[in-house]
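Trainee: sequence unknown, structure follows:
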């Protein structure tokens, strides 16, 4: 949201009125393996907000919305053109692009990679490879008629036994639909020999916490799967003549699996870095490294905290204890809620002593 506001404050007005495609969301529900849950608002003063602190939409609608913001005088947008090869030359980067039965090349001083999980640019230029302990398998489906949604459209993360150490999610969508899915570390999927699709379907049918909410729900479309490269490891995300962003830079939150906000911040920072590099005509790795510093200065503490929280899923009893404590104790709930706004508090969340004081001193 802050990135969109900086890009153009009027964008937030457009999101607010476009209720067919965007749904305002005010918080998140965490549900423990024992079925207990807590609601954590994104902001303590919801009633004072001009806009919702977040919006939920289908990915297709969000991407289309962003494309509509493109100004032709600033961008040559080529839909249906696929990058097929990347070659480093003596003076920059050469890209081979396929369009229908024809291909052509583009030579550039600087390429910004925003080509997702299966990024050809990050593999070829950045040397980033899939690592099972820093990679998540995810599946997603759209359902119509899921009941029990929060009146303020909280997104839901359910840490249920069938999918531990992964999780099950329910995100409300406009028109009575829901984005429903499951994610688990690839290393855990392989170790436990989990079929993520079957595990999710079984949970929808049988899990005592959620099955009643799907009693009259209908699957709309099919269940799709994709890989989620996690930001639980610090990597070089720029180099000579290139910058990596979003999934291509492995910037997905290790705990929630959310990647859009980090990708948007990467995009804004990449643009600022590119402007400086263009002005200096300097596309060296040492000059572009300012991008890495800016991204990790803003995101690394959050990513480290989420990696710590991800490990909590390996200890269901501890997760149950934390949620039980928060359910009964307003101070604990408020402390967790403040995590979304207070950067200093987030830093303390990575310290084991903080949990001891929080859980045993109230």
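Mentor: Structure received. Keep in mind that this is a model prediction, so the values were computed, not measured.
Trainee: Now do the SS call for residue 157.
Mentor: Three-state call for residue 157 (DSSP: H, G, I helix; E, B strand; the rest coil): strand.
Trainee: How many residues are close by it?
Mentor: Residue 157 has 20 neighbours, counted by other C-beta atoms under 10 Å. C-beta here means a position set from N, CA and C on the backbone, and glycine is covered the same way.
Trainee: Kindly report the same for residue 80.
Mentor: Neighbour count of residue 80, defined by other C-beta under 10 Å: 7.
Trainee: pLDDT value on it, please?
Mentor: Predicted confidence (pLDDT) for residue 80: 94.
Trainee: for residue 85, same thing?
Mentor: In this model, residue 85 is scored at 97, pLDDT.
Trainee: before we move on, what about residue 43?
Mentor: pLDDT at residue 43 comes out at 79.
Trainee: these two touch, right, it and residue 53?
Mentor: Yes - using C-beta atoms under 8 Å, residue 43 is in contact with residue 53, at 5.0 Å.
Trainee: intersection of neighbour lists for the two?
Mentor: With contacts defined as C-beta atoms under 8 Å, 6 or more residues apart in numbering, the residues shared by residue 43 and residue 53 are residue 26.
Trainee: so how many other residues sit close to residue 82?
Mentor: 13.
Trainee: Surely it is in contact with residue 98?
Mentor: Yes - counting by C-beta under 8 Å, residue 82 does reach residue 98; the two are 4.7 Å apart.
Trainee: ok, and for whichever helix in the chain runs longest, which residues are buried?
Mentor: Longest helix in the chain, counting residues (DSSP state H): helix 285-312. By neighbour count, with 16 or more other C-beta atoms under 10 Å as the criterion, the buried positions of helix 285-312 are 287-288, 291-292, 294-295, 299, 301-310.
Trainee: Flag the shaky bits of the stretch 51-200 of the chain, pLDDT-wise.
Mentor: By pLDDT under 70, the stretch 51-200 of the chain has no low-scoring segment.
Trainee: Show me where the stretch 51-200 of the chain has its strands.
Mentor: Ranges of strands within the stretch 51-200 of the chain are 54-56, 82-89, 92-99, 102-108, 111-113, 135-144, 155-158, 167-172, 177-185, based on DSSP state E, counting those that start in this stretch.
Trainee: helices or strands up against the longest helix of the chain?
Mentor: Contacts defined by 3 or more C-beta pairs under 8 Å, 6 or more residues apart in numbering; DSSP states H and E place helix 285-312 against strand 238-239, strand 242-244, helix 260-280, helix 316-328, helix 343-348.
Trainee: and the angle from the fourth one to helix 285-312?
Mentor: Pointing back at helix 316-328 there. Following axes from the mean of the first three to the mean of the last three C-alpha atoms, to 10 degrees, one obtains 90 degrees for the angle between helix 316-328 and helix 285-312.
Trainee: chain center to helix 316-328, what's the gap?
Mentor: Distance of helix 316-328 from the chain centroid (C-alpha atoms, centre = their mean, to the nearest Å) equals 25 Å.
Trainee: Check which helices and strands that helix sits against.
Mentor: Here helix 316-328 touches strand 37-41, helix 285-312, helix 330-338, helix 352-360, going by 3+ C-beta pairs under 8 Å, 6+ apart.
Trainee: Worst mean pLDDT among those?
Mentor: Note on those: lowest mean pLDDT is at helix 352-360, with a mean of 60.
Trainee: And for stretch 261-270, what's in contact with it?
Mentor: 1, 3-4, 6-7, 112, 114, 231, 237, 243-247, 249, 251-253, 291, 294-295, 298-299.
Trainee: Where does residue 30 sit: helix, strand or coil?
Mentor: Residue 30 - assigned by three-state DSSP - is strand.
Trainee: was I right about it contacting residue 320?
Mentor: No - Residue 30 is beyond contact range of residue 320, at 11.4 Å (criterion: C-beta under 8 Å).
Trainee: In terms of neighbours, single out the busier of the two.
Mentor: With neighbours defined as other C-beta under 10 Å, residue 30 and residue 320 compare such that residue 30 has more, 22 against 16.
Trainee: Next up, the contacts around the more buried one.
Mentor: 37, 38, 40, 157, 159, 323.
Trainee: same deal with residue 136?
Mentor: With contact taken as C-beta under 8 Å, 6+ apart, residue 136 is in contact with 166, 183, 184, 185, 186, 227, 228, 230, 252, 254, 257.
Trainee: Let me know the closest of the contacts of residue 30 to residue 170.
Mentor: Of all the contacts of residue 30, residue 157 has the smallest distance to residue 170: 8.6 Å, by C-beta to C-beta.
Trainee: Run through the bridge partners of that closest one.
Mentor: With DSSP bridges as the criterion, residue 157 is bridged to residue 30, residue 169.
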